[in-house]
Every structure is written in structure tokens, then in C-alpha cells.
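J.: test case, fold it:
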Amino acid sequence: MGPLDAIWHLGNLFLPALALGALAAALAKLAWRRELAPVRWRRLALPAATASALVTVAGLVAFGRDGRMLTYAGMVGACALTLWWQAFGPGRR
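T.: The predicted structure is shown next:
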């Protein structure tokens, strides 16, 4: 595998986590417009995407390969918990 192939593999590994974090933050801001008006989209999306990426790595380590449904379910749970923490929970400033 060449360096360009390795970059593509890493990009494809983390793309679902990044997309989930971005999309979930946008939908949360749309669903709770008034409550999340002062909160920036980036403040919601970056921690959600990071939590999803960490779950992706944990699933890769635990199962030996990526793309397992349990890993995707964990990504959704971690993303939702992180969004709640940043938007409504103790992490809100």
C-alpha cells in the first residue's frame, strides 16, 4: 500500500464519524432553534465528531475491523451524548 492509499483508507475510516458529527449538530440546531441560537455550530459539531471518531477507533480495536453495526450504534450514542452535554447538560456555558 502506498502513501496515497493509506491517506484514502484513513479518510474513509473517519468520514462517517465526521459526517455524523456535522449532520447531527446541524439537525440539533434546527430542532432546538431558540435554545441553541447562542451556541455556535462548530462548538457542537467538533466534540460530536471527535467522540464518534474515538468510538470508531475503539470499535476497530475491539472487533479487529471497522464497519460493524455495534460500532455505528456506539457512534450514534456517543454523538447524541456529546451533543446533549454541549447543548443542554453540564458542559453548557
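J.: only C-alpha atoms for contact and neighbour calcs from this point on.
T.: Noted.
J.: buried stuff in stretch 56-71?
T.: Neighbour counts over stretch 56-71 (16 or more other Cα atoms under 10 Å) mark 56-57, 59-60, 66, 71 as buried.
J.: now do that stretch, average pLDDT.
T.: Across stretch 56-71, the average pLDDT comes to 93.
J.: from now on call the first residue 15
T.: From this message on, residue numbering opens at 15, which makes the last subject stretch 70-85.
J.: from one end of that stretch to the other, what's the distance?
T.: Taking Cα to Cα, to the nearest Å, stretch 70-85 runs 6 Å from one end to the other.
J.: so Leu74 touches Asp80, yeah?
T.: Yes: because the distance of 5.0 Å satisfies Cα atoms under 8 Å, Leu74 is recorded as touching Asp80.
J.: just put the buried residues of stretch 70-85 in CSV and tack on secondary structure.
T.: Listed next are the buried residues of stretch 70-85 as CSV, based on DSSP: H, G, I helix; E, B strand; the rest coil:
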residue, secondary structure
Thr70, helix
Val71, helix
Gly73, helix
Leu74, helix
Asp80, coil
Thr85, helix
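J.: just put those residues in TSV and tack on distance to Arg47.
T.: Formatted as TSV, those follow (distance: Cα to Cα, whole Å):
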residue	distance to Arg47
Thr70	30
Val71	32
Gly73	33
Leu74	36
Asp80	35
Thr85	30
